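1. Give the three-dimensional model of this entry:
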Amino acid sequence: MTESADIGIVFWVLSFVILVSAFMVVSLKNIFHCALFLIMCLFSVAGIFVLLDAEFLAAAQVLIYVGAVAILMIFAIMLTSNLASRKIRQVNENVSVGVFVSVLFALASIILIAQTHIWHYKTDFTPVENSIVILGKYLMIQYVLPFEVVSILLLASLIGAIVLARKERS
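-> The predicted structure is shown next:
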């Protein structure tokens with residue numbers, strides 16, 4: 001096999017893992033298992049970034065999403081004591097609306113992908129030099145406000161999880 005065939009196989013394996021783990025995130029009833037499958041999904045997305053020669057994005061994916069968001073969710077789950085109580089309903093009563101919106105989104109995505117002309121790419125692509133420096137400048141100059149808003153949102157969700165966990169214990 002050639003190297004591009006090996007990369008193709010790895011891509012399809014990672015894509016399969018992403019799809020299966022994402023399905024398990026939304027279909028399992030145990031929220032802790034959902035968080036573990038989310039971590040698996042996010043690691044697989046980082047693997048796709050590695051295949052695209054975007055090592056910085058892969059490292060950021062692992063550090064930010066797996067290392068921060070997923071671990072924050074697991075801490076929030078562990079702080080909440082009544083996750084397995086019989087009083088908590090884990091059934092969504094709007095399944096028909098969810099299926100309708102999902103099918104509508106899938107059809108819109110297929111139509112947009114079919115109409116995209118970017119699929120004809122050049123094979124002599126050369127990456128931009130110092131792309132990490134350019135990305136860092138964008139994050140710290142042009143997109144600093146959304147970057148900080150996300151950090152405040154994560155902090156607020158952690159504080160909210162602690163407050164909810166303390167109310168349940170008393």
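2. Which secondary structure state does residue 53 sit in?
-> Counting by DSSP: H, G, I helix; E, B strand; the rest coil, the backbone at residue 53 sits in coil.
3. what's the neighbour count on it?
-> Residue 53 has 11 neighbouring residues, counting by other CB atoms under 10 Å. (C-beta placed from N, C-alpha, C; glycine too.)
4. Ramachandran angles for it?
-> Per-residue torsions, residue 53: phi 60, psi 40 (degrees, to the nearest 10).
5. Would you mind measuring from it to residue 7?
-> Here residue 53 is placed at a distance of 11 Å from residue 7 (CB to CB, to the nearest Å).
6. how about low-confidence regions in this structure?
-> Scanning the chain for pLDDT under 70 picks out 1-2, 80-92, 118-129, 167-170.
7. Now do the helices in it.
-> Taking DSSP state H as the criterion, the chain carries its helices at 3-27, 31-51, 55-60, 71-79, 95-115, 131-137, 144-169.
8. Pick the most buried one from the ones you listed.
-> Counting by mean count of other CB atoms under 10 Å, helix 31-51 has the highest mean neighbour count of these, with a mean of 18.
9. Residue 35 against residue 74, yeah?
-> Yes: here residue 35 lies in contact with residue 74, judged by CB atoms under 8 Å, at a distance of 5.2 Å.
10. check contacts around residue 57.
-> By CB atoms under 8 Å, 6 or more residues apart in numbering, the contact set of residue 57 is residue 49.
11. From residue 47, how far off is it?
-> As for residue 57, its distance to residue 47 is 11 Å (criterion: CB to CB).
12. tell me, what residue is most central in this structure?
-> Closest to where the C-alpha atoms of the chain average out (CA atoms, centre = their mean) is residue 42, at 5.0 Å.
13. do you know how far that residue is from residue 50?
-> Distance, residue 42 to residue 50, by CB to CB: 13 Å.
14. Skip the chain neighbours and tell me the closest residue to residue 131.
-> Nearest non-adjacent residue to residue 131, counting by CB to CB, 6 or more residues apart in numbering: residue 56, 7.5 Å away.
15. residues contacting that neighbour?
-> So residue 56 contacts 131-132, 135 (CB under 8 Å, 6+ apart).
16. cool, and residue 138?
-> Applying CB under 8 Å, 6+ apart, we find residue 138 in contact with no residue.
17. Equivalent analysis for the one 10 residues further on, please.
-> Residue 148 sits next to no residue when contact means CB under 8 Å, 6+ apart.
18. roughly how far apart are it and residue 140?
-> For residue 148 relative to residue 140 (CB to CB), the value is 10 Å.
19. Repeat that for residue 17.
-> Taking CB to CB, one finds residue 17 at 33 Å from residue 140.
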